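K.L.:
Pasting a predicted model and its sequence here:
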Amino acid sequence: MKDAQHEFDAIKDAIGYIESDFRSQPDLETIATRLKMSPFHFQRLFTKWAGTSPKKFLQYVSLGHAKKLLTEDSASLLKAAHKTGLSGTSRLHDLFVSIEGMTPGEYKRGGENLTINYSFADSPFGRILIASTTKGIAHIAFADDEKEVLKDLHEKFPNAAFTQKSDSLQKSALSIFSRGKKLDGIKLHLKGTPFQLKVWEALLRIPAGHLSTYSAVALRIKRPNAQRAVGTAVGRNPVAFLIPCHRVIRSTGVFGNYHWGSGRKKAMIGWEAARSDSN
């Protein structure tokens, strides 16, 4: 756990430093020294994590690249929703994820009669809490503070019965982080309003390596004037990364804020772009 978290923290710091000092074009040795690593170790760690060089990675999280993607995708995102299968290791997992909303009774009663298994696991972006019912994944959150995220989960389902246990549903969902691993169908069992469920389903149709905007998502669900409500629903996404709210940015190309930290959002976008480009 500590090694995985340490690696992610180092990469996140590197991304922040390269991005803020891009104009000075810091070389590999300068970045490595800042992170208190040898150039060889830093290059190896970064390539292992991102699958590309630090310089190339930065291009993926730059304003120019984001604007280019948005320009291209304004015409092609709807077509992209019809793509089938996996594209090499880019894992267009969205096609293998389905959402089932909780019943009105389950929603209203705060998870009464639900049994929820939960466990902690490592991801490329830090420690996560993952929770599941018998019907699917109900919650994924980044666990920078394990006690806090567990408390939040209990507050979302105050009347559910909780068991700390890793099950097959959780293991299947976590395979999204394993490069090159074929995904089986992943089911989500979510507590949300009908509007929120529509927004989350729309997010699943944004392919890995692509970006969209709040206005584009509003258009996709046929609510073009509901951009503010879409933004609120995106922010309340209960399943981090698997429902890719990190792929939604401002129409200006600026990545914007993210519930789990803007540095983590940039890391996710760059990580996915590097894998999409490697196919």
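P.N.:
The structure has been received and is ready for your questions.

K.L.:
Only C-alpha atoms from now on, for both contacts and neighbour counts.
P.N.:
Will do.

K.L.:
Who does the lengthiest strand in the chain pair with, and is each partner parallel or antiparallel?
P.N.:
Ranked by residue count under DSSP state E, the longest strand found in the chain is strand 115-123. If you go by DSSP bridges, strand 115-123 pairs up with strand 126-132 (antiparallel), strand 161-164 (parallel).

K.L.:
Can you name the residues that contact the residue nearest to A66 when sequence neighbours are not counted?
P.N.:
What sits nearest to A66 in space, not counting adjacent residues and going by Cα to Cα, 6 or more residues apart in numbering, is G253, at 5.1 Å. Residues in contact with G253 (Cα atoms under 8 Å, 6 or more residues apart in numbering) are L63, G64, A66, K67, L70.

K.L.:
Give the rounded mean pLDDT of the host helix or strand of D9.
P.N.:
Following DSSP states H and E, one finds D9 within helix 2-20. Over the span of helix 2-20, the pLDDT mean works out to 78.

K.L.:
Output that helix as CSV - backbone C-alpha positions only.
P.N.:
Only the C-alpha atoms of helix 2-20 are listed here, as CSV (Å, rounded to 0.1, in the frame of the first residue of the first chain):
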residue,chain,number,x,y,z
LYS,A,2,2.7,2.5,1.0
ASP,A,3,4.7,1.8,-2.1
ALA,A,4,1.8,2.3,-4.5
GLN,A,5,0.7,5.5,-2.7
HIS,A,6,4.3,6.8,-2.7
GLU,A,7,4.6,6.2,-6.4
PHE,A,8,1.4,8.0,-7.2
ASP,A,9,2.3,10.9,-4.9
ALA,A,10,5.7,11.2,-6.7
ILE,A,11,4.1,11.2,-10.1
LYS,A,12,1.5,13.7,-9.1
ASP,A,13,4.2,16.0,-7.8
ALA,A,14,6.1,15.6,-11.0
ILE,A,15,3.1,16.4,-13.1
GLY,A,16,2.4,19.5,-11.1
TYR,A,17,6.0,20.7,-11.3
ILE,A,18,6.4,20.0,-15.1
GLU,A,19,3.2,21.7,-15.8
SER,A,20,3.9,24.8,-13.7
